[in-house]
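I'd like to go over a predicted model; first the sequence, then the structure.
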Amino acid sequence: MTMQPEDARSYTENCFNGEPASCTYACPYHIDIRSLLKKAGRGRWDSCYKDLASTVSFPLAACSLCRRECEVSCQRACLGDEPIAVRDVELACIAYARSHVPDSFSLVPKEDRIAVIGAGPAGLAAAWQLARKGYAVTVFEKTGMIGGTLLALPNAEAILADVRDAFSVTTVEFRTDTPITDPKETDGFRAVIVATGSGGSDYGLASTRTSAFLTDRPGWFAVGQICGVDMCAALAEGNAVPNAVESYLLSGSTDFSSVVWNRANCSRFVDHEGTERKALTPKTGELYTVQEAKAEASRCMQCNCTACMNACEHLLKYKKTPPRFTLDVYQDSQVRPPITGHSTTRAVYACNLCGRCSSMCPVETDLPGLFCLSRENRMERNDYPPAFHDYWLRSLDRCSGASSVFLEGSAGTGYAFFPGCQLGAASPDFVLKTYDLLRDRYGAALMDCCCGAPAYWGGDRARLDRNTEMIRTQWESFGRPTLVTACASCSRMLRMVLPEIPTVSLYALLASDPQVGSFPGWDTVSVFDPCAVSGDPGTAAAVRKLAENCGVSVSSYDSDGKCCGNGGHIRLADPGLYREIVRNRAADSEYPFVVYCVNCREVFRSQGKECRHILEALLGMDAGPAPHLDEKEQNRMKVKVHLLEKYGKERWVPETQPWDGMKLTVGEDVRAAMEQKMISDADVRECLWNAEKDGDGFYNAEEDSFLACLVRSALTYWVRYRKQGDGFEILEAYCHRMHFRENE
Amino acid sequence: MQTDEKKWICRRCGVPLVKKKTLFNYMERNFSEDLPCCPKCGKVFISPELCNGRMAEVEQMLEDK
């Protein structure tokens, strides 16, 4: 189904990253104070002045009228500090900017003529902003000079000098001594802005104006002191009205203008806990010195919620905010390659989907949900990199197909063990011994298949639905038992796709019936909680209790919902990020890890981190180093053969492939390269078998070696090998994701 | 030097390889490159240097977008 913008937005609609800060809401001119202070902190006075001018038209006038309302909303106050002296910093920007003459740039002039009646603060600001947009503006002033009430300010001379500088690069026509007494005098103008000031004529319109300044008379707007506001608000309205005028001229309505701020203040939450307190920078003279202004500007905490980004290696690396990702995900759903390109492919597939960002977010933004939506949408449209998830999707098919095993327990049993596809793959004993125990204690049945997580992570909805239906059917045929899960990801997956199935964590069950084991050689350990267990403190506590029962003391380490690296199957999508995450997690605790997710175990063991699964201690076993790809497949088959023989009373012979018997010699370096690219021995054997069967491939007489190729839908494999007695020595194996076309 | 294409022959046809324009496709983008092929059966030879070098670069570039 086609993605709609709101489909993507629903995952992040509450995110307020990038929204104006509370000071900007409070400022009558809505100056982007956060950005201004950032630039001022670096001493970029010219840039600050330009930014100020583009918002308020005449910075000195704006500062002179400023009531320092932003200071009331400054978040520094949350820490007990004095608010930032924004006005003083702005005055420094004005003083230290090298020029107050705006940049002149060629803009195609617009044909629409606009009249501004009154040359006070509101009228001048409206005229200047409209001129900057390219409109032909004429200002009618009843007196002999421009400025209106600004002339009464003590620094009127300096303000007027700035106003003249500002208009020096525009073509605004000023008609002084020209009162407008009859509205007909403005015939020929497409819009008229009434800014006649206090005591001026409002042509009976001021009381009729809307929140976007439009009056009852079509094309006539009213702003400023004539409408009963003070000078400061008058200047602010003069700056705002051009947006309404432009919207009106383009569409006949002011609905598309952004002049109305929907909140009086920033009601959002930004956590400043732990931020260093900084005292107000004292002023040594009338004006801040350059150093003082920079120091004061640097006190700004740049209030913006980045809670998720600070908590996640992925978000730190890709440097995109939730609103940005939302836009990119939607845009990618509309891409029609090669005419249009993608925006965020790798980032979408490089997320662990652990949900830590959501748990850190004050408004529960759901980036993992957004990325899953994108993965699913792209697979549905066949617009995705298949190599990223191909290995795991094929593995799911085997785990829920050829190597799945279902054993009914004793009659009336309430439990079925659901070990998950990776537990037996890591070591058959994990499943065999645990099942023996659960069968003895509870008469448990067994449902050994994949929970569907690889399909969910790969965005393969059809595969996930098929797998879910298979589990449901099996579960119902077993009399709807409670599933005892050994993997937190399985529990989370089952809760999501089959909420009607009751589940209990294996570890919570074991802890309820005291189980004693040992961790030989270890005194103190850290328990690494899998990310999927987040929100299930019962299981986390049960594992700690079990570990303590095994005679070790458990450190206070808390993985805090962080993923070990395996989540979301990012290993092929972003190998660099995967390695970084694994390294970081392994270094998080000085003590060996006790884990209760077999994927965490594999990840940490591969990294060389001391790590054991809690079941190793409880079952008195050592599962050894992390198995390579083919060992995992073989282990799964061993589990099935053994269980069917022992409990199913049948001899089961796995289906074989013609290449299964081929003997391979794989050196350590070659093996490491294969594991990194996730090329299995089975892939190599199939490749070789095809080549040897037909005498296909290439031959190098000098080194007496062969090169064979195997094309699959996601990957093309190449194997360089030498014949060695009745087997083959593998010299190199590599693969690519591109397809090539032969004979063209 | 084991992947110097001059040292390789097509196993089936027994002839040395020649360079020929080969078309590639990935993520709906098409490319072409002169690659060693068998002049008789057209089988394309991709060396590890090409696979892990330029091809990987292009793959990554498209996936980064």
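Received, thanks. Residues are numbered from 1 along each chain as shown, chains lettered A, B, ... in the order given.

mind checking the end-to-end distance for stretch A:589-603?
Counting by CA to CA, to the nearest Å, you get 15 Å between the two ends of stretch A:589-603.

got a list of what the most centrally placed residue in chain B touches?
For chain B, the residue nearest the mean C-alpha position is B:Ile46 (3.6 Å; CA atoms, centre = their mean). Shown in contact with B:Ile46 (CB atoms under 8 Å, 6 or more residues apart in numbering or on different chains): A:709, A:716, A:718, A:736, A:740, B:35, B:55. For every residue, glycine as well, the C-beta is placed using N, CA and C.

spit out the contact partners of the spatially most distant residue from the centre of chain A.
Centroid-distance maximum for chain A: A:Asp177 at 59.0 Å, with CA atoms, centre = their mean. Contacts for A:Asp177 (CB under 8 Å, 6+ apart) come out as A:141-144.

so can I have a markdown table of those showing secondary structure?
A markdown table is the format used below for the contacts of A:Asp177 (DSSP: H, G, I helix; E, B strand; the rest coil):
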| residue | secondary structure |
| --- | --- |
| A:Glu141 | coil |
| A:Lys142 | coil |
| A:Thr143 | coil |
| A:Gly144 | coil |
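
once you drop chain neighbours, what's closest to the closest residue to chain B within the stretch 351-500 of chain A?
Going by CB to the nearest CB, chain B is nearest to A:Pro385 of the stretch 351-500 of chain A, at 5.4 Å. The spatial neighbour of A:Pro385 that comes closest, neighbours along the chain excluded (CB to CB, 6 or more residues apart in numbering or on different chains), is B:Glu63 at 5.4 Å.

gap between the one you found and A:Leu280?
For B:Glu63, the distance to A:Leu280 equals 50 Å [CB to CB, to the nearest Å].

neighbour count winner among these two?
B:Glu63 (21 against 15; other CB atoms under 10 Å in any protein chain shown).

so for whatever helix or strand the more buried one lives in, what's the average pLDDT?
Using DSSP states H and E, B:Glu63 sits within helix B:56-64. For helix B:56-64, the per-residue pLDDT values average out at 92.

remind me which residues of chain B are low pLDDT?
B:1-3 (pLDDT under 70).

where along it do the strands fall?
B:8-10, B:18-26, B:29-37 (DSSP state E).

which secondary structure element is home to the residue farthest from the centre of chain A?
Secondary structure assignment for A:Asp177, by DSSP H and E: no helix or strand.

and among the strands of chain B, the most buried is which?
Ranked by mean neighbour count under mean count of other CB atoms under 10 Å in any protein chain shown, these are led by strand B:8-10, which reaches a mean of 21.

who does that one touch, helix- and strand-wise?
Contacts defined by 3 or more CB pairs under 8 Å, 6 or more residues apart in numbering or on different chains; DSSP states H and E place strand B:8-10 against strand A:698-700.

so which residues make contact with the strand it packs on?
Residues outside strand A:698-700 that contact it (CB under 8 Å, 6+ apart): A:705-707, B:2, B:7-11, B:17, B:43, B:45.

from those, which two are the most distant?
Taking CB to CB as the measure, the contacts of strand A:698-700 span a maximum distance of 18.4 Å, between B:Gln2 and B:Lys43.

higher neighbour count, those two?
B:Lys43 (20 against 15).

got phi/psi on that one?
phi -60, psi 130 (degrees, to the nearest 10).

with the one 4 residues further on instead?
Torsion angles at B:Ser47 (phi, psi; degrees, to the nearest 10) stand at phi -80, psi 160.

how near is it to A:Ile730?
With the distance defined as CB to CB, B:Ser47 ends up 17 Å from A:Ile730.

higher neighbour count, those two?
Just comparing B:Ser47 and A:Ile730: by other CB under 10 Å the higher neighbour count belongs to A:Ile730, 23 against 20.

quick check: that one is in a helix.
No - using three-state DSSP, the assignment for A:Ile730 is strand, not a helix.

with adjacent residues omitted, what lies nearest to it?
Excluding the flanking residues, the one nearest A:Ile730 by CB to CB, 6+ apart is A:Val666, at 4.8 Å.

what's the burial count for that neighbour?
Applying other CB under 10 Å, we find 20 residues neighbouring A:Val666.

just read off the phi/psi values of it.
Here is the backbone geometry of A:Val666 (degrees, to the nearest 10): phi -120, psi 120.

got the contact list for the closest residue to chain B within the stretch 451-600 of chain A?
Nearest residue of the stretch 451-600 of chain A to chain B, counting by CB to the nearest CB: A:Ala573, 7.6 Å away. Applying CB under 8 Å, 6+ apart, we find A:Ala573 in contact with A:346, A:349-350, A:385, A:388, B:63.

what's the most distant pair in those?
Farthest pair in those (CB to CB) is A:Ala350 and A:Pro385. Separation: 11.4 Å.

these two: who's more crowded?
Taking neighbours as other CB under 10 Å, A:Ala350 and A:Pro385 compare with A:Ala350 leading, 26 against 21.

what is the burial count for the closest residue to the more buried one other than its chain neighbours?
Of all residues beyond its chain neighbours, the one nearest A:Ala350 is A:Asp574 (3.7 Å), with distances taken as CB to CB, 6+ apart. For A:Asp574, the count of nearby residues is 22 (other CB under 10 Å).

hang on, A:Asp574 packs against A:Val348?
No - taking contacts as CB atoms under 8 Å, A:Asp574 lies outside contact range of A:Val348: 10.5 Å.

how many neighbours does B:Ala56 have?
15.

now for the closest residue to it other than its chain neighbours: which residues touch it?
The shortest distance from B:Ala56 to any non-neighbouring residue, by CB to CB, 6+ apart, is to A:His736 (7.2 Å). With contacts defined as CB under 8 Å, 6+ apart, the neighbours of A:His736 are A:715-716, B:46, B:51, B:55-56, B:59.

which of those count as buried?
The neighbour count (16 or more other CB atoms under 10 Å in any protein chain shown) marks A:715-716, B:46, B:51, B:55, B:59 as buried among those.

and chain B, which of its residues are near chain A?
Within chain B, the positions adjacent to chain A are B:2-3, B:7-12, B:17, B:22-31, B:35, B:37, B:41-46, B:48, B:51-52, B:55-56, B:58-59, B:62-65 by CB under 8 Å from any CB of the partner chain.

okay, and the beta partners of A:Val484?
Beta-bridge pairing for A:Val484 (DSSP bridges): A:Phe417, A:Val504.

surely it touches A:Gly420?
No - judged on CB under 8 Å, A:Val484 makes no contact with A:Gly420 at a distance of 10.8 Å.

low-confidence regions, the stretch 201-350 of chain A specifically.
A:259-269.

quick check, the residue in it closest to chain B?
Going by CB to the nearest CB, chain B is nearest to A:Pro337 of the stretch 201-350 of chain A, at 3.6 Å.

quick one: contacts for that residue?
Neighbour list for A:Pro337: A:383, B:27-29 [criterion: CB under 8 Å, 6+ apart].

including distance to A:Gln291, could these go into a markdown table?
Shown next, in a markdown table, are these (distance: CB to CB, whole Å):
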| residue | distance to A:Gln291 |
| --- | --- |
| A:Asp383 | 54 |
| B:Met27 | 53 |
| B:Glu28 | 56 |
| B:Arg29 | 53 |
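
appreciated, that's everything.
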